[in-house]
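**Q** Please work out how this folds:
(one chain, ligands or ions: 1)
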Amino acid sequence: MIIDFHTHLDESWIGNKLMPEQTFLDLMNRYEVEVACIFTLEGFYGNCSMHNDNLAERARRNPQRLVPFATVNPKLGDQAVNELERCLANPLFRGVKFHTWLQAIAPSMVKETMIKLLKCAAKHNVPVIFHDGTPPYATTFQIAALARWVPAAKIILGHSGLSDYIVAAGQLAGELDNLYLCLTGPKSGEIKFLADTAGVDKMVFGSDLGFSDWRMLPECIDYVLQSGLHPQSISKIFYSNAVDLLDLKRRPL
Ligand SMILES: [Zn+2]
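**A** Numbers count the residues shown, from 1 in each chain. As a prediction, the model looks like this:
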């Protein structure tokens, strides 16, 4: 059984039609993904509230399978904090997603608002996942700094360093109690390195399903299966670590 911690379920992206919802659900079934955390794509550019509502609507149709993460624009200051409070008051939302690269904000530019947003997420006990691994707005170092700003917030590196910052991602997640790794990107050998450096309890599975080709999902599953880690560690990565981060034992779907 798998929980996919990093997917995008949206109509389109910069003019390109994305995978229809039914195809997305069929792929989840085919690869035994029980639950997917779903994020917007269009919402990183435009009307966050509308896209948050769209995500909630999709989750309402499949509440056992789709878990929406809200997105807000930190450049809007308290308006963003209010929007996050509005979303997290809805029990369907179980997390927050930022893509500071597509949103074009260096976290330090909006530090005051970001701290309020992370404290809000911590108050609701939901994790906050960030795209990481791409300069200038989303290096792994910039995202890891957020974990230091608000130690009560659970911060997830959405790509575990992608390709250029894998070593830093492993070291930083090993060092900071509240920094976690989502394995959307790293290959088998890198996954083994991350487990050795940060500890397997810090890692969750993710595939970016819905964003690019459907083959990403079986490919990412294979990278974990072929990492050489103990089967017990692999089932933590695929499932139980995500159950803990999403607090599903206390708040089932
Ligand atoms: Zn993504």
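**Q** quick one: terminal-to-terminal distance for stretch 38-57?
**A** End-to-end distance for stretch 38-57, by C-alpha to C-alpha, to the nearest Å: 12 Å.
**Q** which residues touch it?
**A** Applying C-beta atoms under 8 Å, 6 or more residues apart in numbering, the external contacts of stretch 38-57 come out as 6-13, 18, 58-59, 66-73, 80, 83, 86-87, 90, 92-93, 97, 99, 102-103, 129, 210-211. Bear in mind the C-beta positions are built from the backbone N, C-alpha and C, glycine included.
**Q** mind running it again at 6 Å?
**A** 7-10, 13, 66, 68-73, 83, 87, 92, 97, 99, 102-103 (C-beta atoms under 6 Å, 6 or more residues apart in numbering).
**Q** ranges for the strands of the stretch 51-200 of the chain?
**A** Ranges of strands in the stretch 51-200 of the chain, per DSSP state E, counting those that start in this stretch, are 66-70, 95-98, 128-130, 155-157, 179-182.
**Q** Tell me which other helices or strands the longest one touches.
**A** Other elements packing on strand 66-70 under the criterion 3 or more C-beta pairs under 6 Å, 6 or more residues apart in numbering; DSSP states H and E are strand 33-39, helix 48-61, strand 95-98.
**Q** For it, output the C-alpha coordinates as CSV.
**A** Extracted as CSV, the C-alpha positions of strand 66-70 are listed here (Å, rounded to 0.1, in the frame of the first residue of the first chain):
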residue,chain,number,x,y,z
LEU,A,66,-7.7,12.4,-2.3
VAL,A,67,-6.2,14.7,0.4
PRO,A,68,-6.0,18.3,-0.7
PHE,A,69,-3.2,20.6,0.4
ALA,A,70,-4.0,24.4,0.3
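**Q** Direction included, what does it pair up with?
**A** When sheet partners are counted by DSSP bridges, strand 66-70 sits next to strand 33-39 (parallel), strand 95-98 (parallel).
**Q** Then the last one?
**A** Its sheet considered, strand 179-182 pairs with strand 155-157 (parallel), strand 203-204 (parallel) by DSSP bridges.
**Q** Redo those as JSON lines? Include mean pLDDT.
**A** As requested, the strands paired with strand 179-182 are exported to JSON lines (pLDDT from 0 to 100):
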{"stretch": "strand 155-157", "mean pLDDT": "98"}
{"stretch": "strand 203-204", "mean pLDDT": "98"}
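**Q** contacting residues around stretch 200-208?
**A** Applying C-beta under 6 Å, 6+ apart, the contact partners of stretch 200-208 are 4-6, 173, 180-184, 216-217, 220, 233, 236-238, 241-242.
**Q** again, only using 8 Å
**A** Against stretch 200-208 from outside (C-beta under 8 Å, 6+ apart): 2-8, 156, 158, 160, 173-174, 179-184, 191, 194-195, 216-217, 219-221, 224, 229, 233, 236-238, 241-242, 245.
**Q** Alright, calling it a day.
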